Each structure stands twice: as structure tokens, then as C-alpha cells.
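A.B. asks: Need a 3D model of the sequence below.
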Amino acid sequence: MRKLVLLAICLTAPSLSFAQGCAYSKDYDFTVDAAALENLRMDIGSGSLIVNGDATSSEVRIDARACASSSRRLDELDLNHRVQGSELMVRTELNRRRGFLSWLNFGNSRIDIEVTMPNQLLLQLEDGSGSIEVDGITDLTIDDGSGPIRLRNIAGNVTIDDGSGAISVTDVQGRVTISDGSGPITVRNSYEVLIHDDGSGDIDITNIESHVNIQDDGSGGISIRDVAGDVEIGESGSGSVNVSDVAGSYRNHDE
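C.D. replies: Below is the predicted model:
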């Protein structure tokens, strides 16, 4: 995971000036009947992603815009989808032209995507870079390179494997499981929290109905408050540790 993150950072570094405008663009707009679907899987590169669950919807709707700094870069971008069994797969493609010096990453591009889906579908995300916002679905798995992640109102479990960027999680009825390279982590108003490893960045956990377990933290402060179950911290690394209002037991292996 970490090697892939480093590669993604190198490839997208030239795009820092891209936010100033979108010189060339094309839109995608399609819907897929969700009657036989159980899972939505998305494999996307650079760009923002917004996903909203809808309890009344019977279809998956995708609205997207591809942006590029040149017409050639825009022609290389595509957004494909297919249904296989009970799964809908949505994937961004970068069809790089072959030729002299074609391996160089001149220019920059992204696809910004907004999804509305039935809230009972499971969602699996593989994301290169860019912001992720998800609200009002049942179950969520994220494998992310870089960029902020913001999740709200998840009825089931959340699993995040993240390279870098801030993570904010609110109102999860199941377990929140996180492995993170760098960036602050905030989890509020959720059932249970398990952080396997965190490289750097503060951890702030508040109002948890069950247990909190932080197995390995590198650097950054840890703040845990209002936990109805147990709190266990394996390796707390460097940074302050503040734990209060824990109804169950509290154990810090570094103390």
C-alpha cells in the first residue's frame, strides 16, 4: 500500500496548479438499475468523489466531469462501468498514447464524480488521490492513496486503509477500522473503533458506544473521551495521551 501511495504522489505532484481552472472538459451521466445489485465497486484515479445513499432510490446514478489541461490529456481519460452478477464496477481509465517521450507525464487531468445510490448497497472504493465524501450508506471499504476522507451516517461497518490525508468519521453504527500513514484522524458518535496502525497525526475519538483499541501509533497526540466500553492502547509512540470518561477498563501498554 505504501509503495503505491508514493507512486501516486509522484505522478500527481505537477497537478498543484490545476485547481486554477479546467481548460478542457467532458461530462458523463448514466444510471444503472439496482434491482439485482448488492455491491458497488469503484476504482478511480485522481479527482473528487461524493457518494450519497438514498433509501428511496432503485438505481445507481453517476454524474461526472473529466477535466484536463490539454485536449490530448482529455482524450486519454475515460469513465467505464459494467455489471457482473450482483456487482456494478465503475472505473476511471487513462489510455496513454504510445510514442516518443509518451511516458512523460506532461499536463494533468482528473475526473470528479458524484454518485447517488440505494443506501443498502455495499460500497468498495479504491482511490488514487483527491477528496472522498460519503453519506448515508450501509457498509464501506476504502483503499485510498491521498486526500481527505469524510464519512457520515454509515449504518454498518467502515474499513479504511489510507496513505495520507485527514480522516473524519461521524455516526457509524458498526465498527470503524483504520490503517493510516499520515494525517489527523477524528471519529465521533460511533459504535466501536479499531486503529491497527497510524504513522503520524493526531487521533481524536469521542462518544463511542463500545470499545476503542489503538494498536500502534507513531507520532501525534491521542485524545479519547466518553467511551462506554474498554480502551486499550498498544504502542502510543510520541505525543500526549489524554483519556477520560471511560466506563470500562483502560490500559496503555506504554505506561
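A.B. asks: Gly199 sits in which helix or strand?
C.D. replies: strand 192-200 (DSSP states H and E).
A.B. asks: what's that strand in contact with?
C.D. replies: 174-183, 185, 187, 203, 205, 208-220, 229 (CB atoms under 8 Å, 6 or more residues apart in numbering). Every residue, glycine included, has its C-beta placed from N, CA and C.
A.B. asks: Give me the buried entries from the residues you listed.
C.D. replies: Buried by 16 or more other CB atoms under 10 Å: 174-183, 185, 187, 203, 205, 208, 211-214, 217-218, 220, 229, out of the contacts of strand 192-200.
A.B. asks: so the one helix or strand Thr177 maps to versus strand 192-200, what angle?
C.D. replies: For Thr177, the enclosing helix or strand under DSSP H and E is strand 175-182. For strand 175-182 against strand 192-200, the angle by axes from the mean of the first three to the mean of the last three CA atoms, to 10 degrees is 0 degrees.
A.B. asks: which other helices and strands contact strand 175-182?
C.D. replies: Helices and strands touching strand 175-182, as assessed by 3 or more CB pairs under 8 Å, 6 or more residues apart in numbering; DSSP states H and E, comprise strand 158-164, strand 167-172, strand 185-190, strand 192-200.
A.B. asks: closest to Gly147 out of those strands?
C.D. replies: strand 158-164 (8.0 Å; CB to CB).
A.B. asks: what are the ranges of the helices in this structure?
C.D. replies: Assigned helices in the chain, in chain order: 2-12, 71-76 (criterion: DSSP state H).
A.B. asks: Can you tell me the closest non-neighbouring residue to Val172?
C.D. replies: Spatial nearest neighbour of Val172, chain neighbours left out: Ser190 (4.0 Å); criterion: CB to CB, 6 or more residues apart in numbering.
A.B. asks: ok, of the helices of the chain, where does mean pLDDT dip lowest?
C.D. replies: When those are ranked by mean pLDDT, helix 2-12 comes last with a mean of 34.
A.B. asks: Would you agree Ala228 is in contact with Asp245?
C.D. replies: No: in this structure Ala228 lies outside contact range of Asp245 using CB atoms under 8 Å: 9.5 Å.
A.B. asks: of the two, who's got more company?
C.D. replies: Using other CB atoms under 10 Å, the more surrounded residue of Ala228 and Asp245 is Ala228, with 16 against 11.
A.B. asks: Can you tell me the closest non-neighbouring residue to Ile44?
C.D. replies: Per CB to CB, 6+ apart, closest to Ile44 is Thr92, 4.6 Å.
A.B. asks: Any regions of the stretch 51-200 of the chain where pLDDT drops low?
C.D. replies: By pLDDT under 70, the weakly predicted segments of the stretch 51-200 of the chain are 96-107.
A.B. asks: what would the helices and strands packed on strand 175-182 look like in CSV with distance to Ile132?
C.D. replies: Formatted as CSV, those follow (distance: least, CB to CB, whole Å):
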stretch, distance to Ile132
strand 158-164, 10
strand 167-172, 10
strand 185-190, 14
strand 192-200, 18
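A.B. asks: ok, the strand holding Thr177: who's next to it in the sheet?
C.D. replies: Strand pairing for strand 175-182, using DSSP bridges, gives strand 158-164 (parallel), strand 192-200 (parallel).
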